[in-house]
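**Q** The sequence and its predicted three-dimensional model are supplied below.
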Amino acid sequence: MLGACAQPSATSTLTSTLTEAQTNSRILVDGSLADWAEVQPLITDPVGDAPSEYDLKTLYSLKADKQLYLAIQFAIAVPMVPLHIFINDAYFIEAQPGPNGATGVIYTWPANEKLADISAAYGEIVELKVPLEIIGNPTQLKMDSHSKTPDGQKSMDTMSTSIPITTSASTSTSTSAYTPPQITCPVPVETHNGDIVVNSGETLEIKNKTLELEGNLILKPGSKMLMENGALIVSQRYKSEYRILADQADIKLINSGIDTSGDVMVERFGSFIGTELNIVMEGGTTAYIENSIVYGRLGVSQSSRAKILDSTLSYIYWNYDSHLEASNVVISSFVFDGKQTLPETFQFQGLKMDKTFDLVIKSTADGGSLSLQNCNVKNLWSFNFEWGCTKDITIEDSEIENIWIKFPPTDEWISIANLPHGLIPEYDLNEAVSGISLPYGVELKNVELGMFKPEMWSTKATISNSYAMVHPYDAAELVIKDSTLINMNHYGCKKIEFFNDTFIGELQLIYKPEFAGGGFNVDDKVIGPGGYLHWVLHNTVINVTDIVVAMEEGIIEGDLTIVQPKNIANVSWVKGVITRVYPLIARPNATIKLLDSSATIWSGQADENGKASFSITFNTDNYTKTFTVQAENISQEVTFLSDTPLDLR
């Protein structure tokens with residue numbers, strides 16, 4: 001477990017001329033070359049080798065903020081022709097100008113299956129932003145400018161590079177890479193398996209030692225936790241398996257550190273890791289943190305008070321009813337956490353990443369306050385709107401990564417459509433939602449947005465034409481159409497049907513253990529821990545780096561293409577069973593057999609159209625196995641990651 005105390009590293013396998021920003025890039029996809037002044041060209045092309053309106057001149061590239069930014073300069077001052085860009089011979093981007101703004105779409109290559117819409121702009125240059133969650137590690141680029149002809153499109157000019165990509169100078173305000181400080185794990189090292197409960201009048205002391213905990217830490221009313229020159233390392237196998245819960249308690253950290261360890265898939269923003277440990281302050285808990293490192297999600301809520309000095313934290317959730325004072329603090333992600341609140345209007349301007357700033361809210365309608373002095377949010381500004389939040393918030397001229405929007409259990413179906421991302425000139429969330437009235441308001445003006453994050457708490461909803469981090473809970477019933485689903489955490493559902501959707505980023509099929517034994521109340525209805533799924537897939541693509549399974553049971557059926565992961569080593573199976581139903585196409589009336597090694601474990605017959613299906617139930621013991629399906633003299637290997645339908649013709 002002491003791996004959590006190791007120095008975080010920022011390494012890259014890229015080895016040529018694609019620039020990698022050392023901190024956030026400050027690139028706006030607006031068609032202007034101004035943001036690229038300090039970036040060296042990746043490719044230059046001779047001027048005059050094509051008609052001027054198609055004549056490619058220079059390609060700039062920058063890898064930062066989990067994005068690949070591209071800027072293409074033409075010989076002509078204002079380019080207005082389509083572009084085709086091929087990445088690693090596996091992905092294809094089509095960019096086009098248009099009367100309502102530029103469009104960019106990324107497809108698989110050569111299959112030409114649409115994966116996602118991407119941010120694009122035509123101006124003095126053509127500018128694109130491509131999520132690295134989709135394309136992985138880009139090492140080869142080829143680009144064509146095109147003219148439209150009666151027979152289709154014709155390539156007019158080409159630029160390409162097969163040189164491996166390297167890091168180089170940054171365009172950010174920082175000239176060197178930021179590396180978060182390491183946690184020192186002093187000896188002796190003590191271990192504890194199971195929960196630690198600190199009762200009223202008791203103090204948990206972690207002084208000049210390291211405590212390795214595999215379980216929850218519960219601080220009861222009237223208890224204390226004192227850490228001086230100490231380290232607390234909580235081992236987890238999946239997101240939120242354990243937590244630190246403080247209710248009317250007192251916490252003090254001086255020259256100390258809190259982190260997670262184990263096989264948990266943690267979120268990574270730059271070099272920040274370990275953000276999957278929830279540290280919850282409730283009931284007026286007080287916390288004093290000085291010269292310390294907390295790689296977890298510190299939630300300051302329910303009239304709690306926190307004072308943080310000269311420290312580094314992965315996440316801070318500040319609720320409007322609580323008091324937070326921070327000075328000289330580096331924060332990976334700051335969340336305005338709207339839970340049960342009184343009505344109030346806020347206008348936020350100039351929330352920028354990786355900038356030193358002061359922000360003061362002297363008092364809120366809920367009795368809270370916020371004072372951030374000489375602080376730096378390195379990676380993410382975010383807003384959370386629980387269903388009980390009644391704030392109306394306008395955000396202007398800002399860089400926001402996530403906007404959580406929570407929906408309650410519903411008896412009738414609601415609709416959510418056109419959730420955007422990228423540079424948003426003007427947007428009102430109320431226009432995207434029908435069938436239910438939102439208690440909160442969200443307006444965006446000139447905001448660079450990473451994504452909306454709709455959380456469906458046993459909600460019945462249709463989500464369409466969106467780029468979003470959808471999180472279903474418990475008994476949610478959803479239909480999701482024509483959308484890109486990034487970093488889905490699936491906590492539970494009754495049934496979800498997917499039509500023409502693409503999963504990118506990471507995929508976690510998990511549950512909420514903290515909701516066991518009473519659940520979580522949303523709009524006077526109880527949300528349980530979930531852990532069940534039933535997915536029906538129609539032309540669905542999974543293109544994620546990793547899959548985590550830590551749930552109860554589920555069924556996955558339908559037509560599925562898995563671009564990645566292809567290697568079962570990228571699947572972490574902690575617990576639970578999933579039955580995959582495999583549709584197949586064979587010759588009409590063909591005899592079908594499913595083999596485990598040489599033993600037949602199922603047999604059947606295709607119908608007159610050659611269609612049949614079988615199922616395999618996977619668990620921790622067999623999810624890595626390879627089976628064989630035979631249709632007369634044709635055979636094919638079958639794994640948990642196989643595409644469907646299987647073709648045995």
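**A** Looks like it arrived, so ask away. Computed from a prediction, not measured in an experiment: that's the story for all the values here. Residues are numbered from 1 along each chain as shown.
**Q** alpha carbons only for contacts and neighbour counts from here, please
**A** Will do.
**Q** Just after the helix or strand hosting residue 534, pick out the following helix or strand.
**A** In this structure, residue 534 sits in strand 532-564 according to DSSP states H and E. Using DSSP H and E, the helix or strand that directly follows strand 532-564 along the chain is strand 571-585.
**Q** Quick one: name whatever helix or strand follows that following strand.
**A** Heading C-terminal from strand 571-585 (DSSP H and E), you reach strand 591-596.
**Q** Quick one: list the elements packing against that next one.
**A** When contacts are defined as 3 or more CA pairs under 8 Å, 6 or more residues apart in numbering; DSSP states H and E, strand 591-596 sits against strand 599-605, strand 627-631.
**Q** Flag the shaky bits of the chain, pLDDT-wise.
**A** Along the chain, segments meeting pLDDT under 70 span 1-26, 65, 146-178, 262-275.
**Q** Was I right to think residue 54 contacts residue 81?
**A** Yes - counting by CA atoms under 8 Å, residue 81 is a contact partner of residue 54 at 6.8 Å.
**Q** Give me the more crowded residue out of the two.
**A** residue 54 (25 against 17; other CA atoms under 10 Å).
**Q** How much space separates the residue lying closest to that one once chain neighbours are set aside from residue 186?
**A** Nearest residue to residue 54, sequence neighbours excluded (CA to CA, 6 or more residues apart in numbering): residue 145, at 5.8 Å. Shown here: residue 145 relative to residue 186, a distance of 59 Å by CA to CA, to the nearest Å.
**Q** So the two - more neighbours on which side?
**A** A count of neighbours by other CA under 10 Å puts residue 145 above the other of residue 145 and residue 186, at 24 against 16.
**Q** Quick check, central residue of the protein?
**A** In the chain, the C-alpha nearest the mean C-alpha coordinate belongs to residue 487, at 3.7 Å (CA atoms, centre = their mean).
**Q** In contact with it: list those residues for me.
**A** Neighbouring residues of residue 487 by CA atoms under 8 Å, 6 or more residues apart in numbering: 469-470, 503-508.
**Q** Could you check how far the nearest residue to residue 380 once chain neighbours are set aside is from residue 430?
**A** Leaving aside its chain neighbours, residue 380 sits nearest to residue 333 (4.4 Å; criterion: CA to CA, 6+ apart). Distance, residue 333 to residue 430, using CA to CA: 26 Å.
**Q** between those two, which one's more packed in?
**A** residue 333 (24 against 16).
**Q** How about the contacts made by that one?
**A** 314-316, 377-382.
**Q** and of those, the nearest to residue 138?
**A** residue 379 (22.1 Å; CA to CA).
**Q** What's the separation between the spatially closest residue to the closest one that is not a sequence neighbour and residue 245?
**A** Spatially, and ignoring its direct neighbours in sequence, residue 379 is nearest to residue 332 (5.1 Å; CA to CA, 6+ apart). Distance, residue 332 to residue 245, by CA to CA: 21 Å.
**Q** and these two? which has more neighbours close in?
**A** residue 332 (27 against 20).
**Q** any idea which element that one lies in?
**A** strand 330-338.
**Q** Parallel or antiparallel, list what pairs with that strand.
**A** Using DSSP bridges, strand 330-338 pairs in its sheet with strand 312-319 (parallel), strand 369-385 (parallel).
**Q** For the longest one, buried residues please.
**A** Right, the one you point to is strand 369-385. 369-385 (16 or more other CA atoms under 10 Å).
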